[in-house]
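Colleague: sequence and computational prediction follow.
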Amino acid sequence: MSALGAVRGGVNRVLRPFGVQVVRGHSDDPAIQPYVSARRTRAAARRAGVSVEDYLDRWSAAPGATAETVDALLRLADLGEHVERVCEIGAGSGRYAARVIAATHPDTYEIYETAEDWLPHLRSLPNMVEQPTDGHTLSATATESVDLVHAHKLFVYIPLVVTLGYLDEMARVVRPGGAVAFDVVNENCLDDAMTKNWVSSGATIYGMISRTWLLDRMAQRGMSLLGSHFIPLSGGQTELLVFRRV
């Protein structure tokens, strides 16, 4: 079995109780990971009589975590009364996007998404702009042009080198005074219960990054940490980090 197949199998073992599964994306680039099938997820949501966003949230390992994440992000970012432009990497089902848009009413909401089957659903979001996506950069977004750039449950799965490239891009596109937000697994997430759970379940799908090293790297790129919030992850937790561009 290929490494990609092993990752897909591990993710599907986690997701199987929730009635969704991971399938291959449209790109042959190994840095672009598999994703949750839009067709199967939308069908399951219809059967349950709820929206896709609510389905994924309610049937996740931690119902309510989506709202908790967005509330923490917006509280820490303190974006003010008017947000002109937001950019999200890996918008997926749109469950974070829908809440951010409802709270901030941006003039433009840019998305970078490699999963083509989710794009019709994402195109229904207000003021959405679908950017051409290469799985590595935010090349279609101008430097210092967005008030908020964010990503959720993305950097815990993709290769470290891809994460680092995206972090540099996030620092590039955010305007002075704007906010950068994302979650990672770091040493503050790895308590004894979490590590025992991951070892016993063979959870090989997650990647870790040093918090101290990451904060130093972001500081070198003009990012000041505003605060953080721990977010549930299947079998553990991630840390949402929110920065201000100084």
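Modeller: That came in fine, so what should we check first?
Colleague: ok, the spatially most central residue of the chain - contacts?
Modeller: The residue lying closest to the centre of the chain (CA atoms, centre = their mean) is H152, at 1.9 Å. If you count contacts by CB atoms under 8 Å, 6 or more residues apart in numbering, H152 has them with T69, G90, Y96, F182, D183, L240. All C-beta spots, glycine's among them, are computed from the backbone N, C-alpha and C.
Colleague: what's the separation between the second one and F155?
Modeller: Noted for G90: a distance of 9 Å to F155, by CB to CB, to the nearest Å.
Colleague: same question, the fourth one
Modeller: With distances taken as CB to CB, F182 is found 6 Å from F155.
Colleague: do the same with G222
Modeller: 19 Å.
Colleague: in stretch 79-98, what counts as buried?
Modeller: 79, 83, 85-98 (16 or more other CB atoms under 10 Å).
Colleague: just the closest of those residues to A140, please.
Modeller: C87 (9.7 Å; CB to CB).
Colleague: just to revisit the earlier point, so which of the buried residues of stretch 79-98 belong to strands?
Modeller: The strands, defined by DSSP state E, take in R85, V86, C87, E88, I89 from the buried residues of stretch 79-98.
Colleague: the second one contacts A102, doesn't it?
Modeller: No - using CB atoms under 8 Å, V86 makes no contact with A102, being 12.0 Å away.
Colleague: what does stretch 203-223 contact?
Modeller: 6-7, 10-11, 14, 155-160, 163-164, 167-168, 171, 180, 184-190, 197-198, 225, 233-236, 239, 241, 243-246.
Colleague: list buried residues within the residues you listed.
Modeller: By 16+ other CB under 10 Å, the contacts of stretch 203-223 give 7, 10-11, 14, 155-158, 163, 167, 171, 180, 184-186, 189, 198, 233-236, 239, 241, 243-245 as buried.
Colleague: those in strands, which ones?
Modeller: Reading strands off these with DSSP E, I get V180, V184, L233, G236, E239, L241, F243, R244, R245.
Colleague: wouldn't the second one be in contact with T238 here?
Modeller: Yes - contact criterion CB under 8 Å: V184 and T238 qualify, at 6.2 Å.
Colleague: what do those two both touch?
Modeller: V156.
Colleague: output the below-cut-off pLDDT ranges for the protein.
Modeller: Across the chain, the ranges flagged by pLDDT under 70 are 1-35, 60-61.
Colleague: distance check, H82 against H150.
Modeller: Taken as CB to CB, the span from H82 to H150 is 18 Å.
Colleague: same deal with G165?
Modeller: G165 is 16 Å from H150, by CB to CB.
Colleague: looking at the two, which one has more neighbours?
Modeller: Taking neighbours as other CB atoms under 10 Å, G165 and H150 compare with H150 leading, 28 against 17.
Colleague: what sits opposite that one in the beta ladder?
Modeller: E88, A181 (DSSP bridges).
Colleague: just checking, it touches D183?
Modeller: No - between H150 and D183 there is no contact under CB under 8 Å: 9.4 Å.
Colleague: quick one: secondary structure of the nearest residue to L241 once chain neighbours are set aside?
Modeller: Counting by CB to CB, 6 or more residues apart in numbering, S228 is the residue found nearest to L241 once chain neighbours are left out, at 5.1 Å. Following DSSP: H, G, I helix; E, B strand; the rest coil, we place S228 in the strand state.
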